[in-house]
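In: show me how the following folds:
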Amino acid sequence: MSKRVHLLLRAARAYAEAGAHAEAARCYDTLGWRWSAADAYHRAGDLEHAAETYRRAGHPERAARCFRLLGRPDRAARCWQETGSPLEAGWELLVADLTEAAAPLLAAAARTPPTAPAPLLRLALARALYRWTVEGGGRGRAVGTGMLLGLLAEVEQGILTVSSRIERLRLLEWGVETADRIGRFDVSAALFGAAHRPRQDQSAARAEVLAQWQEWAALRLGGTAWLPLPDTTVAG
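Out: Model prediction:
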């Protein structure tokens, strides 16, 4: 390790310990440590720099999340498109109510569908939510709601069986977004409960789900008193 690199690392760590995350991010950026720089920008509240740095580091999901918080679904979708992920790009636009822009991306995803069960289920969910959204009312939308509820039941079961932590959390996120859209908060809560059930995971994964569940409940239901405590489990 060169003296320059050593000094920049020491500076970055000192800045981070002092809570000066923007300065730490610039040190990491100078070193080319993009993941560390992006995290530091995020902690500093600089979502624009965090998003671009996550994108350059090859982490489209983190980048897209930052752009979503910035109210830029177009740039969030572009992050996924750059990595050849039309399904995820289409979803970003769909949930931002940019249905016309989402349509060709979802169609492209359907032409070369994923083979793994969880992404395939997400594709079905996205296409069904798209149809429900464009129908806008009447019998067609009522039929679409029934179709979505059937898919959400599959999502709940899928969450229990998906081994990949990242894919499980993504399936949870899409399922909750869909259930919220059709006004079924009871289904959203059931999805969180399924994701929080004990499994052969590190406890950190369940803690992450619980944190998301608490945030959702506070926003949608106005309270979290009924949720499990961090050291409890959800009965299966």
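
In: could you pull out the helices in the chain for me?
Out: For the chain, applying DSSP state H gives helices covering 3-17, 21-31, 34-43, 47-56, 60-69, 73-82, 86-95, 99-111, 117-135, 138-161, 165-181, 185-196, 203-220.

In: got the contact list for the least confident helix or strand in the chain by mean pLDDT?
Out: The least trusted helix or strand in the chain, going by mean pLDDT, DSSP states H and E, turns out to be helix 3-17, with a mean of 76. Residues outside helix 3-17 that contact it (C-beta atoms under 8 Å, 6 or more residues apart in numbering): 21, 23-24, 27-28, 30-31, 36, 40. The C-beta positions use only the backbone N, C-alpha and C, and glycine is treated the same way.

In: among those residues, which has the minimum pLDDT value?
Out: Within the set of the contacts of helix 3-17, pLDDT is lowest for residue 31 (76).

In: apart from its neighbours in sequence, what residue is nearest that residue?
Out: Leaving aside its sequence neighbours, residue 31 sits nearest to residue 8 (C-beta to C-beta, 6 or more residues apart in numbering; 5.4 Å).

In: nearest to residue 111 among the contacts of helix 3-17?
Out: residue 36 (38.0 Å; C-beta to C-beta).

In: is that closest one in contact with residue 26, as I believe?
Out: No: counting by C-beta atoms under 8 Å, residue 36 does not reach residue 26; the two are 11.4 Å apart.

In: measure residue 104 to residue 191 for me?
Out: 29 Å (C-beta to C-beta, to the nearest Å).

In: so for these two, which sits in the more crowded spot?
Out: residue 191 (26 against 13; other C-beta atoms under 10 Å).

In: can you pull the contacts of that one?
Out: Neighbouring residues of residue 191 by C-beta under 8 Å, 6+ apart: 152, 155-156, 159, 172, 175-176, 179.

In: at 6 Å what do you get?
Out: Residue 191 makes contact with 156, 172, 175-176, according to C-beta atoms under 6 Å, 6 or more residues apart in numbering.

In: residue 22 too?
Out: So residue 22 contacts residue 44 (C-beta under 6 Å, 6+ apart).

In: for residue 161, same thing?
Out: For residue 161, the contact set (C-beta under 6 Å, 6+ apart) is empty.

In: ok, 8 Å please
Out: By C-beta under 8 Å, 6+ apart, the residues touching residue 161 are residue 117.
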